[in-house]
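Student: coordinates only, sequence not included:
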RNA sequence: GUUAAAGUCACAC
């Protein structure tokens, strides 16, 4: 089981949904009984290729997955990726035990679907329930803020990220902060964040660059290219 | 004396 699952997982990880499912079928054909982890990986694969309600039904049927937070989180993700946000919310509501990751999945679901307000509502709910945001929470929520220009909320989230030291731990957090401020047109704040970071990734500069471009500030956008060069960062 | 496969992910395009 484990080695078959490892292969399925590998395919799923690289968005090769079809192969993952093919492999899963082959495994069944060989008479191997899938474990909870196998189902989880197959589900992940499903998310990339389309709605597979059969998979959900299968999971509900197999008692070993009765109240698994992991597997239900994957289901939340799967429904969201298939465009069925209502089903995603339903599955989330069915969780007996929530954790940061399942909250993150729900937040990401709303952001992806273009419901940024709802995503931020989720963020606040999660906070209210006493969960600590991690860098994924921060990334998804900041994206939501940028989408709708929620600068106050964005600033709150910024504080939270600093309090938890997430800016140092995950370079993507810095880029998403810069992106959020840029989208809101708060370039001074974007620069403040940028200057405080010791490592400046290409993503960071891209975020600022595209922010300027979006706001029609072409000269400043082009200046970013020069800054990148000074920083020794290759544009991609 | 507990070592295998597992859930959520930013910028840009």
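Tutor: Received the coordinates, thanks. Note that this is a predicted model, so its numbers are computed, not measured. Numbers count the residues shown, from 1 in each chain, chains lettered A, B, ... in the order given.
Student: Need the pLDDT of residue A:58.
Tutor: Predicted confidence (pLDDT) for residue A:58: 63.
Student: My error: substitute residue A:134 in the last question.
Tutor: For residue A:134, pLDDT reads 95.
Student: For it, which non-adjacent residue is spatially closest?
Tutor: Leaving aside its chain neighbours, residue A:134 sits nearest to residue A:100 (5.5 Å; criterion: CB to CB, 6 or more residues apart in numbering). Any C-beta I mention is one placed from the backbone N, CA and C, and that applies to glycine too.
Student: Next: residue A:13.
Tutor: In this structure, residue A:13 finds its nearest non-sequential neighbour in residue A:44, 7.9 Å apart by CB to CB, 6+ apart.
Student: Please determine how far the one you found is located from residue A:71.
Tutor: To residue A:71, residue A:44 is 10 Å away according to CB to CB, to the nearest Å.
Student: Tell me how many other residues crowd the residue nearest to residue A:134.
Tutor: Residue A:100: 14 surrounding residues under other CB atoms under 10 Å.
Student: so what's residue A:205 up against?
Tutor: If a contact means CB atoms under 8 Å, 6 or more residues apart in numbering, then residue A:205 has A:224, A:227-228, A:231, A:233, A:235 as its contacts.
Student: Just the buried residues of the residues you listed.
Tutor: Buried members of the contacts of residue A:205, scored by 16 or more other CB atoms under 10 Å, are A:224, A:228, A:233.
Student: Including distance to RNA strand B, pLDDT and secondary structure, could those residues go into CSV?
Tutor: Shown next, in CSV, are the buried ones among the contacts of residue A:205 (distance: CB to the nearest atom of the strand, whole Å; pLDDT from 0 to 100; DSSP: H, G, I helix; E, B strand; the rest coil):
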residue, distance to RNA strand B, pLDDT, secondary structure
A:224, 11, 90, helix
A:228, 12, 91, helix
A:233, 11, 90, coil
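Student: which stretches of chain A have low pLDDT?
Tutor: A:48-67 (pLDDT under 70).
Student: what's next to stretch A:10-29, contact-wise?
Tutor: By CB under 8 Å, 6+ apart, the residues outside stretch A:10-29 that reach it are A:4, A:7-9, A:34, A:38, A:41-42, A:44-49.
Student: would TSV of those residues with secondary structure, neighbour count and distance to RNA strand B be doable?
Tutor: Conversion of the contacts of stretch A:10-29 to TSV gives the following (DSSP: H, G, I helix; E, B strand; the rest coil; neighbours: other CB atoms under 10 Å; distance: CB to the nearest atom of the strand, whole Å):
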residue	secondary structure	neighbour count	distance to RNA strand B
A:4	helix	19	8
A:7	helix	16	8
A:8	helix	28	7
A:9	helix	20	4
A:34	coil	20	8
A:38	helix	21	6
A:41	helix	26	5
A:42	helix	28	9
A:44	helix	21	5
A:45	helix	29	10
A:46	helix	27	11
A:47	helix	22	7
A:48	helix	17	9
A:49	helix	15	13
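Student: Adding distance to residue A:77, write these out as a markdown table.
Tutor: Listed next are the contacts of stretch A:10-29 as a markdown table, based on distance: CB to CB, whole Å:
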| residue | distance to residue A:77 |
| --- | --- |
| A:4 | 22 |
| A:7 | 21 |
| A:8 | 16 |
| A:9 | 15 |
| A:34 | 19 |
| A:38 | 17 |
| A:41 | 12 |
| A:42 | 13 |
| A:44 | 7 |
| A:45 | 11 |
| A:46 | 10 |
| A:47 | 6 |
| A:48 | 10 |
| A:49 | 13 |
